[in-house]
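A.B. asks: from the sequence below, what's the structure:
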Amino acid sequence: MTTRNWITATPPTPNGDLHVGHLAGPYVAADVLARFLRADSHDVRLTTGLDDHQGYVEVRALKGGDRKPEETADRYGESIVRVWRDAAVEFDHVVHPRADPGYTLFVQDFFQRLHDAGHIVERTRPLPYCTPCARWLYEGHVTGGCPHCGASSSGNSCEPCGRPNDCGDLTDPRCATCREKAELRDVTRLYFPLAPFADQLAAFWQRVDMPPHLRALCERMLTDGLPEIAVSHPAGWGIPVPVAGFTEQRVFVWFEMAPGYLREYDPAGEALPQSGPVQFFGFDNGYFHAVLFPALFLAYDARTPLPRAFVVNEFYQLEGLKFSTSRRHAVWAHEALALVGSDVLRHHVLADRPNGRETSFSLPALERTRNHLASLWDDWLARLFTAVQEDCAGRVPREEPNGQSWERLTQRLARIAGELREAYSVSGFDARRAVALLDEAVACASDFGHVHAHERDRPAGSSSYRAALRGQLGVAAALTAWSAPVMPRGAARLAAAVGFPAHRPVDASALCLPEPGVLITAPTAPFFTGALHG
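C.D. replies: Alright, predicted model coming up:
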């Protein structure tokens, strides 16, 4: 066993490109936490995968014409990985289900083990069937009314209320491909009853860190009676069920994801860490992560470390409606990155992160974020570096800042650094707060610079003026550490310019004066808004 910090972000479905809503949800936020912990010298493993076998992938292929689901998954899977790279989201391991030679066998062994132990049982129940398409309907193949909240829902789970359904209990079920009304036919499938794990799940929910919205969902499901979950479907896309008599069916993709998470940690079978993962996901996936997966892990091996924290985002809207890949209602991440670059987009989606409430994205708002960073962050740094070049021959002044204004500034920045550590931490993770604190730090430094620029005009103020410049360089040095989790590429460019290491802990010690006489590299472009790639 190791003390490694394991962070997971829910695998995206490769039925389309990543949109900005995805980045605002689990991916950039998980990367922020990983970068913060690594800067503190923690051993970190950030993992995810690609959700190739979702029914939505096959639906996308069917709607696209003759393209096979394998081709759809590969095409968009490559695009998703490329967007992560361009957005500076750095995973240590990404599971590619169909490219990992041991993945299918691992999932099937997991399934067989639960079946042999009696945790998976046969049930004959109605399932929607599309006669024109000659296809059983489940997951993304079917739409209807949620039996719990009445909202429009796909099969197996409802995005608005987060609760599972059995497909056959949807009201007015229709085929997602041809839109024809489905008929209900009895079919025998394999089910995983959750009720036997009710007490263990309740105990787990008491100790795991999760937001009230998700906790309410869990407790409501427990009060209503935990259901039996279909873990196989009559289908041709996905991993074949290993159980005799059901080999023509496919493993429910959300069942598959549980062993998939274990495979993410290390495909070579390295022992899992003593502490369970911190999992990032959207509320629409909350039931799977907080109810189904823990129950599956308990059934598989009670020693499997369950998650220690759930970091959950609500829906990110676009023009009043939820971002949706399947409905093609989205601003694609690669387009936004081409417009403003990774630092601006990361700052924007973290500042606007749907934490506890739904928020809404727009391109004009993204442009305002770029202007904000240009007018606050880059303008202050440009004034500072120009002054050092013109008034100090491009070198760090020897004078040290002092006096009440410097003392007030450092006290404020020390407070900000402490609050920033909390906002970046597992227990207090709050990306919105972190971005606000970074902006506050820059605003304080910019105000300090404006005030003390007037020292230059005093007959006896040149020494105080140069001391203020050195103090601001110290703040810039601190920002190379403090802003690195949020805007890693701009922070790295700034670190190179002021001559500090690119990776330092986020704490008050990062605020230190650079050595006098050190040559400061003049920027060729704005640090945070001037580079779109790299």
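
A.B. asks: from now on I want contacts and neighbour counts done on CA atoms only, so please keep to that.
C.D. replies: OK.

A.B. asks: parallel or antiparallel, list what pairs with the helix or strand of the chain with the lowest mean pLDDT.
C.D. replies: Lowest on mean pLDDT, DSSP states H and E among the helices and strands of the chain sits strand 321-322, with a mean of 72. Here strand 321-322 has these sheet partners by DSSP bridges: strand 316-318 (antiparallel).

A.B. asks: on that earlier part again, now the element after the least confident helix or strand of the chain, going C-ward?
C.D. replies: Using DSSP states H and E, the helix or strand that follows strand 321-322 in sequence is helix 333-351.

A.B. asks: what about the helix or strand following that next one, distance to the chain center?
C.D. replies: Proceeding N to C from helix 333-351, the next assigned helix or strand is strand 359-361, under DSSP H and E. Strand 359-361 sits 16 Å away from the centroid of its parent chain (CA atoms, centre = their mean, to the nearest Å).

A.B. asks: partner strands of strand 359-361, parallel or antiparallel?
C.D. replies: According to DSSP bridges, strand 359-361 has the following sheet partners: strand 316-318 (parallel).

A.B. asks: who touches the partner strand?
C.D. replies: 21, 24-25, 322-323, 329-331, 353-354, 358-362 (CA atoms under 8 Å, 6 or more residues apart in numbering).

A.B. asks: make a ChimeraX selection of the buried ones in these.
C.D. replies: Selection of buried members from these for ChimeraX, criterion 16 or more other CA atoms under 10 Å:
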select :21,24,25,322,323,330,331,353,354,359,360,361
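
A.B. asks: could you find the lowest-pLDDT member of the contacts of strand 316-318?
C.D. replies: Least confident by pLDDT among these: that is residue 323, with 67.

A.B. asks: assign residue 250 to helix, strand or coil.
C.D. replies: strand (DSSP: H, G, I helix; E, B strand; the rest coil).

A.B. asks: ok, now which ones touch the closest residue in space to it that isn't next to it in sequence?
C.D. replies: Sequence neighbours aside, residue 240 is the residue nearest to residue 250 in space, at 4.5 Å (criterion: CA to CA, 6 or more residues apart in numbering). Shown in contact with residue 240 (CA under 8 Å, 6+ apart): 108, 247, 248, 249, 250, 251.

A.B. asks: now, the most widely separated pair of those residues?
C.D. replies: Greatest spatial distance in those: 108 and 248, 13.6 Å, computed using CA to CA.

A.B. asks: which of these two has more neighbours?
C.D. replies: Neighbour count, other CA atoms under 10 Å: between residue 108 and residue 248, residue 108 has more, with 19 against 16.

A.B. asks: list the residues that contact the residue lying closest to that one once chain neighbours are set aside.
C.D. replies: Of all residues not flanking residue 108 in the chain, residue 242 sits nearest, at 5.9 Å (CA to CA, 6+ apart). By CA under 8 Å, 6+ apart, the residues touching residue 242 are 108, 109, 111, 112.

A.B. asks: ditto for residue 235
C.D. replies: Shown in contact with residue 235 (CA under 8 Å, 6+ apart): 135, 136, 248, 249, 250.

A.B. asks: can you pull the phi/psi pair for the second one?
C.D. replies: Here the main-chain torsion angles of residue 136 (degrees, to the nearest 10) amount to phi -70, psi 140.

A.B. asks: that one and residue 163, how far apart?
C.D. replies: 21 Å (CA to CA, to the nearest Å).

A.B. asks: swap in residue 279?
C.D. replies: 19 Å.

A.B. asks: what of residue 308?
C.D. replies: If you go by CA to CA, the gap between residue 308 and residue 163 works out to 22 Å.

A.B. asks: out of the contacts of residue 242, who has the most neighbours?
C.D. replies: residue 111 (23 neighbours).

A.B. asks: return the distance of the helix or strand where that residue lies from the chain's centre.
C.D. replies: For residue 111, the host element (DSSP H and E) is helix 103-116. The chain centre lies 28 Å from the centre of helix 103-116; the measure is CA atoms, centre = their mean.

A.B. asks: show residues contacting the helix or strand hosting residue 34.
C.D. replies: Assessed by DSSP H and E, residue 34 sits inside helix 28-39. The contact list for helix 28-39 (CA under 8 Å, 6+ apart) reads 7-9, 23, 43-46, 87, 89-91, 280, 346, 350, 424-426, 429, 431, 484-486, 503-506.

A.B. asks: residue contacts, the residue nearest to residue 120 when sequence neighbours are not counted?
C.D. replies: Distances taken as CA to CA, 6+ apart place residue 192 nearest to residue 120, at 4.8 Å, with adjacent residues excluded. Listed by CA under 8 Å, 6+ apart, the contact set of residue 192 reads 119, 120, 121, 228, 229, 230, 231.

A.B. asks: for those, which one is nearest residue 129?
C.D. replies: Residue 129 has its nearest neighbour among the contacts of residue 192 in residue 230, at 15.9 Å by CA to CA.

A.B. asks: next, find the distance separating that closest one from residue 513.
C.D. replies: As judged by CA to CA, residue 230 and residue 513 stand 61 Å apart.

A.B. asks: biggest helix in this structure by residues?
C.D. replies: helix 431-453 (DSSP state H).

A.B. asks: I'd like the mean pLDDT over that helix, please.
C.D. replies: 97.

A.B. asks: what's the answer for stretch 285-302, then?
C.D. replies: What stretch 285-302 shows for mean pLDDT is 97.

A.B. asks: now stretch 483-490
C.D. replies: 98.

A.B. asks: stretch 164-181 now?
C.D. replies: 97.

A.B. asks: what's the end-to-end length of it?
C.D. replies: Start to finish, the residues bounding stretch 164-181 are 21 Å apart (CA to CA).

A.B. asks: so which residues make contact with that stretch?
C.D. replies: 59, 62-63, 125-128, 130, 132-133, 137-147, 153-158, 182-184, 229-230, 287.

A.B. asks: could you redo the last one with a cut-off of 6 Å?
C.D. replies: The contact list for stretch 164-181, computed with CA atoms under 6 Å, 6 or more residues apart in numbering, reads 126-128, 141-147, 155-157, 182.

A.B. asks: list the buried residues for that stretch?
C.D. replies: Under the neighbour-count criterion of 16+ other CA under 10 Å, stretch 164-181 has 164-171, 173-177, 181 buried.

A.B. asks: can you select the buried ones from the contacts of stretch 164-181 in ChimeraX?
C.D. replies: This is the ChimeraX syntax for the buried subset of those, where burial follows 16+ other CA under 10 Å:
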select :126,127,128,141,142,143,144,145,146,147,155,156,157,182
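
A.B. asks: just to revisit the earlier point, columns pLDDT on top of the contacts of residue 242, output as TSV?
C.D. replies: Conversion of those to TSV gives the following (pLDDT from 0 to 100):
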residue	pLDDT
108	98
109	97
111	98
112	98
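
A.B. asks: so residue 276, which state does it fall into?
C.D. replies: Assignment for residue 276 (three-state DSSP): coil.

A.B. asks: count the residues that sit near residue 409.
C.D. replies: Here the count is done by other CA under 10 Å, and residue 409 has 18 residues near it.

A.B. asks: tell me the spacing between it and residue 480.
C.D. replies: For residue 409, the distance to residue 480 - CA to CA - is 18 Å.

A.B. asks: do residue 391 as well
C.D. replies: 24 Å.

A.B. asks: and if you look at residue 200?
C.D. replies: Residue 200 is 45 Å from residue 480, where distance means CA to CA.

A.B. asks: need the helices for the stretch 1-150 of the chain, in chain order.
C.D. replies: In the stretch 1-150 of the chain, the helices defined using DSSP state H, counting those that start in this stretch lie at 20-22, 28-39, 55-63, 69-86, 103-116.
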